[in-house]
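# only geometry, no sequence info:
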DNA sequence: GTCTATATACGGATAGAC
DNA sequence: GTCTATCCGTATATAGAC
């Protein structure tokens, strides 16, 4: 049904706002990321896209189908780039943490709503959705995890469940974005000041994590 | 309008399910915590409370008003118990971290949906709501924060913005509950196994955090 | 106080003109 | 492809009997 449309997506990087389908997707991404599925009205998306409500259904058939597309793209775009870091064969364990913190935080600085979006939607979604993007399962099979286990065996790190390390790493990087309204208020910071802290954390987190791995 | 009802709340700990108003609030708390405001239908609450839909409006006037009550109570109950730890005059900085991690994690084990509930609702709420429960502002004025600054001044800790420490502490404790579906899948764990990790973290987080504070 | 029945509003989706 | 007008299900809220 949609395969009949002309495929001019190849050179879309040239134009400003491409075709209508892209306009709707861009608007949907923005609104969904900000408010989540349940709190989003298709009318808001249409308005943000500068088109009529009917067009949304013409292109995507339903709110749910449009959402599924946005969710899948968001999830994969997010996971993919992080897994790449963990799978890199030639970098050291410590270097992977540095690159991860830097890339992960930078990604979230560019798209501050994404972490909350992913986590809040995952809360109510069935496990099947998580498995659907099989990427997730593989994390403890990456070179990163192997290097961690090796480091423990060598006595360079204290014995610890790898998932704990992942929780610490992701917690330290992602939590400040998820809890931004709360933490910003706690520190009485402006948007700029808060963002500055995020930049600092790129360098600090690897240092902290490293120290923790050697603790006791 | 509601002040006319008899006040038998004093000895409510004795009964199983108290009066209707409490039954509705308990049901509302459960459903709101699980699904958030937008995804919750008043019918679900009524059903969970075992009463008719009309009664909900009779007691609380509107979905929004009922939600506001639940939100405020949840927020305060959560913040209060944590602030108490931070304000304690006689415990050391290190001891405060131990108590905080233990209490905070235990609280979330009992109410796993609460962290996600608070954060996801705060994302869309205006800042005024956060300020309304003024508790939040005070965190960097607690004895905990003072002791941290003093420790830095004495050279026991590396210089660091106190808010960073708060982000690390809360990130390490709360993130595993917020990102539970994702992390559980990553580790291929059962509910029990995951819970076991949470218990371990009570002891581990203070150790890690302490090491991080001395790093470099 | 608690129910059944119903009004009212809102949001997703479609019909049909252009 | 894009619009206006409208339908229709669902959810909140109220009326009114008991």
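All right, it came through fine. Given the structure is predicted, the values throughout are model-derived calculations rather than measurements.
# Show me the shaky parts of chain A.
A:1-17 (pLDDT under 70).
# wait, does stretch A:58-68 make contact with chain B?
No. Remark: stretch A:58-68 sits outside contact range of chain B, by C-beta under 8 Å from any C-beta of the partner chain, the gap being at least 13.0 Å. Any C-beta I mention is one placed from the backbone N, CA and C, and that applies to glycine too.
# how about that stretch: buried residues?
By neighbour count with 16 or more other C-beta atoms under 10 Å in any protein chain shown, stretch A:58-68 contains the buried residues A:59-60, A:63, A:66-67.
# so of those, which ones are in helices?
Using DSSP state H, A:59-60, A:63, A:66-67 are the members of the buried residues of stretch A:58-68 that sit in helices.
# Walk me through the domains of chain A.
The record's domain parsing of chain A by automatic domain parsing lists A:1-61, A:68-213.
# so which of those comes closest to DNA strand C?
Nearest to DNA strand C among these is domain A:1-61 (3.6 Å), distances taken as C-beta to the nearest atom of the strand.
# mind checking how far the spatially most central residue of chain A is from residue A:136?
Centrality entry for chain A: nearest residue to the mean C-alpha point is residue A:78, 4.0 Å, by C-alpha atoms, centre = their mean. Using C-beta to C-beta, to the nearest Å, we find residue A:78 at a distance of 11 Å from residue A:136.
# again with residue A:104
The value you get for residue A:104 to residue A:136, if C-beta to C-beta is used, is 15 Å.
# next one: residue A:173
The gap separating residue A:173 from residue A:136 is 17 Å, by C-beta to C-beta.
# and if you look at residue A:197?
Distance, residue A:197 to residue A:136, by C-beta to C-beta: 28 Å.
# what's near enough to touch residue A:72?
Neighbour list for residue A:72: A:132-133 [criterion: C-beta atoms under 8 Å, 6 or more residues apart in numbering or on different chains].
# Check whether whichever strand or helix holds it comes near DNA strand C.
Using DSSP states H and E, the element containing residue A:72 is helix A:63-87. Yes. Helix A:63-87 is in contact with DNA strand C by C-beta under 7 Å from any atom of the strand, via A:63-64.
# Return the angle between stretch directions for the host helix or strand of residue A:206 and helix B:191-214.
For residue A:206, the element it lies in under DSSP H and E is helix A:191-213. For helix A:191-213 against helix B:191-214, the angle by axes from the mean of the first three to the mean of the last three C-alpha atoms, to 10 degrees is 100 degrees.
# Please name every helix or strand in contact with helix A:191-213.
helix A:93-110, helix A:162-178, helix A:180-187, helix B:162-178, helix B:191-214 (3 or more C-beta pairs under 8 Å, 6 or more residues apart in numbering or on different chains; DSSP states H and E).
# how about those helices in JSON lines, adding distance to residue A:215 and mean neighbour count?
Formatted as JSON lines, the helices and strands packed on helix A:191-213 follow (distance: least, C-beta to C-beta, whole Å; neighbours: other C-beta atoms under 10 Å in any protein chain shown):
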{"stretch": "helix A:93-110", "distance to residue A:215": "15", "mean neighbour count": "18"}
{"stretch": "helix A:162-178", "distance to residue A:215": "11", "mean neighbour count": "23"}
{"stretch": "helix A:180-187", "distance to residue A:215": "25", "mean neighbour count": "20"}
{"stretch": "helix B:162-178", "distance to residue A:215": "13", "mean neighbour count": "23"}
{"stretch": "helix B:191-214", "distance to residue A:215": "4", "mean neighbour count": "17"}
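# Tabulate the ones you listed (TSV), appending distance to DNA strand D.
What follows is the helices and strands packed on helix A:191-213, written out as TSV (distance: least, C-beta to the nearest atom of the strand, whole Å):
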stretch	distance to DNA strand D
helix A:93-110	28
helix A:162-178	26
helix A:180-187	24
helix B:162-178	25
helix B:191-214	28
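# so which of those helices gets nearest residue B:150?
Nearest of the helices and strands packed on helix A:191-213 to residue B:150, taken as C-beta to C-beta: helix B:162-178 at 11.3 Å.
# check contacts around the spatially closest residue to residue A:102 that is not a sequence neighbour.
Distances taken as C-beta to C-beta, 6 or more residues apart in numbering or on different chains place residue A:202 nearest to residue A:102, at 4.8 Å, with adjacent residues excluded. Taking C-beta under 8 Å, 6+ apart, we find residue A:202 in contact with A:101-102, A:105-106.
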